[in-house]
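*Asks:* let's see this in three dimensions:
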Amino acid sequence: MLDTIDLVDMRAVTMTMFPNGETHWTQSGDPEDVVADFSPITVHGVLDAGRDVTLVDAMGTAGVASQSFRVRYVLDGAHVDGHDERFSAVRFQLDDPRWWTHLEDGMTAQGGTVGSLSISRDGQSVWFVFELTEPMTLRECDSLVTSPALTLARLASGMDLDIGPTQLRVGPATSPWISVLTKRRSSEPIRRRKQPTEVLLPSSVLGIDNFASWIDLSVAFDGLPAVVANPPKGVAIQAEALTMASVAEGLHRRLFSGTGNMTYRARLEQLEQAAVEVVPQVTAGFTNLPWAPSVVKTRNLLAHQLDDDKREMLEKIDAMTLVAWSVPWVLRIVLLRRAGLDTETISARLADFNAFQYYRANVASIQSKYQH
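*Replies:* Numbers count the residues shown, from 1 in each chain. Next up is the predicted model:
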């Protein structure tokens, strides 16, 4: 049970007290009132156990004699200034601690101008501790530190890994840690019952220096590598292909400096060159039309809705499918290379990776239908 410090004023429901003691509730149907009540606010409260709690970006719904909230973040252990509060450090557990047996307690690495990363082992738990050069808000800690580390692990492993317990600190190193609770991330240490039978790269290739430098790089990526690690699924193939084609352009601009005037095709060719230097097979299956022109043709068809494409619908869908399949592989290789991982290891592991072999076989199958 959470007791709030004060009731939250809401516009959609009003209470009137009559002299005889009766209470009358009026509920508004005005959309502006409902939207105003749903706007994110900060709520302070105290648990039955006596711990202070802050609800960050709480979005309220008013009912007769009741209030309820959807909450993006719960900070367990302190009253802070919501999403405006700035924190000096963040620490988190990255999936199952058995992934990180090679990371020793006390290891440190500099993450460029963002801060410094260290490893803290607490029993069976492995904490990634990031001390920030300049204090950051909760969302900045999430988007610039925690999420990039998760994305790198997903890119390397080929698995949908998760973030475990996460904590923030206000002030110096002697200050207490505040637990961060969300719906998307585990509040308990993650222990996978079954270890995966196949991963792209073993976790041992990810050293603390890789994570630290990646966090520094990710400041400029605006979250785009996360789409490469987890491409959109369950949507129309048109949306999937257009999304990945756009991500390719955005990442190229961030990865290669001084390329502002390059055409879209030239950007793709530079990305492809960086990928095939490591894994030549990644676009080798594009035998009818080279990979870069193929992506350009599909992207232009979707983005500009060209009506002069005389191909049959099935052929267009197949072309979109090839883009949706191939772009994530090309970008994954480029990003892993940029993260400082050994190129020979990437090449050898991809050649034997089951999902990559199926990708190549599927590309060959589609290409064979349109041999000229």
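*Asks:* helix, strand or coil for the closest residue to Ser157 other than its chain neighbours?
*Replies:* Spatial nearest neighbour of Ser157, chain neighbours left out: Val199 (4.8 Å); criterion: CB to CB, 6 or more residues apart in numbering. From N, CA and C alone the C-beta is placed, and that goes for glycine too. Per DSSP: H, G, I helix; E, B strand; the rest coil, the secondary structure class of Val199 is coil.
*Asks:* what residues are up against Val199?
*Replies:* Val199 makes contact with 157-159, according to CB atoms under 8 Å, 6 or more residues apart in numbering.
*Asks:* what's the answer for Leu251, then?
*Replies:* 221, 224-225, 228, 271, 331, 334-335.
*Asks:* how about the strands in the protein?
*Replies:* Using DSSP state E, the strands assigned to the chain run over residues 2-4, 13-17, 23-27, 41-47, 52-63, 66-76, 86-94, 108-111, 115-122, 125-137, 163-169, 177-181.
*Asks:* quick check: mean pLDDT across the first one?
*Replies:* Translated: strand 2-4. Averaging pLDDT along strand 2-4 gives 54.
*Asks:* find the residue at the geometric middle of this structure.
*Replies:* In the chain, the C-alpha nearest the mean C-alpha coordinate belongs to Ala226, at 4.5 Å (CA atoms, centre = their mean).
*Asks:* neighbours around the closest residue to it other than its chain neighbours, how many?
*Replies:* Excluding the flanking residues, the one nearest Ala226 by CB to CB, 6+ apart is Thr151, at 4.8 Å. Neighbourhood size, Thr151 [other CB atoms under 10 Å]: 24.
*Asks:* hang on, the earlier thing: and the furthest pair within the contacts of Leu251?
*Replies:* Phe221 and Leu271 (14.4 Å; CB to CB).
*Asks:* and those two? Which one has more around it.
*Replies:* Neighbours of Phe221 and Leu271, each counted by other CB under 10 Å, are more numerous for Leu271; the result is 25 against 20.
*Asks:* how about the contacts made by Ala149?
*Replies:* With CB under 8 Å, 6+ apart, Ala149 has these contacts: 92, 94, 128, 211, 214-215.
*Asks:* state the pair within these that is farthest apart.
*Replies:* Most distant of the contacts of Ala149, by CB to CB, are Phe92 and Trp214, 14.5 Å apart.
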